[in-house]
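Q: everything below, folded, please.
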Amino acid sequence: EALSRRAVKGLELYRINTLVDLINLVSLQSGYSIGGFDADRIEGGVMTLGVGREGEPFEGIGRGELNIAHMPVYRDAVGGVGTPTSDNERTKLGLDTTHLLMCINVYGEEMPIDDTVALTLSLLEKYADASDIKVDIYKPEKR
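A: Reported below is the predicted structural model:
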């Protein structure tokens, strides 16, 4: 939301690095919240999606400690790595990142997911020289 608000206000978007900038572009184009993580910094090799707990420590990128209680939270074996508000300092993307884990959160059909994936892949291949890309689409069962 913060990214969209900046764009609507006509403010310049932050330029961080190629991967972050590409993720921001896909987020703006698709309307989806997207988390980008350095996959080599994900502890335990698995991430889960849950709800933030009261007092749960979370250091937002460039924002310090954040209150993530009651928010959706991606976690690895150590703790929270991403929320819709911010990703965590511990798993942030840097110039040394060689393995990207990107989570596109599709809660409604803003842009067809196939189009979103195609846009993402084309940008990663063209501007980040990405190769060996694996795409997994997880759709929870409807209740």
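Q: next, give phi and psi for residue 15.
A: Residue 15 adopts backbone torsions of phi -110, psi 120, taken as degrees, to the nearest 10.
Q: cool, and the one 10 residues further on?
A: Backbone torsions for residue 25, taken as degrees, to the nearest 10, come to phi -60, psi -50.
Q: how about the nearest residue to it, chain neighbours excluded?
A: Leaving out its chain neighbours, the residue that sits closest to residue 25 by CB to CB, 6 or more residues apart in numbering is residue 123, at 6.7 Å. For every residue, glycine as well, the C-beta is placed using N, CA and C.
Q: how close does residue 89 get to residue 57?
A: To residue 57, residue 89 is 11 Å away according to CB to CB, to the nearest Å.
Q: what about those two, which has more around it?
A: residue 89 (14 against 10; other CB atoms under 10 Å).
Q: contacts only, for that one.
A: Each residue near residue 89 by CB atoms under 8 Å, 6 or more residues apart in numbering is listed here: 59-61.
Q: in CSV, list the residues you listed along with pLDDT and distance to residue 98.
A: As requested, the contacts of residue 89 are exported to CSV (pLDDT from 0 to 100; distance: CB to CB, whole Å):
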residue, pLDDT, distance to residue 98
59, 96, 23
60, 94, 24
61, 92, 19
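Q: which of these fall within strands?
A: 59-60 (DSSP state E).
Q: want to throw the contacts of residue 89 into CSV with distance to residue 19 and neighbour count?
A: Supplementary listing: the contacts of residue 89 in CSV, determined by distance: CB to CB, whole Å; neighbours: other CB atoms under 10 Å:
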residue, distance to residue 19, neighbour count
59, 20, 17
60, 18, 18
61, 13, 17
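Q: residue 19 touches residue 100, doesn't it?
A: Yes - counting by CB atoms under 8 Å, residue 19 sits close enough to residue 100 to count as a contact (6.0 Å).
Q: now for those two: what residues contact both?
A: With CB under 8 Å, 6+ apart as the test, residue 19 and residue 100 both reach 36, 93, 128.
Q: want to throw the residues you listed into TSV with distance to residue 114?
A: TSV is the format used below for the shared contacts of residue 19 and residue 100 (distance: CB to CB, whole Å):
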residue	distance to residue 114
36	20
93	25
128	21
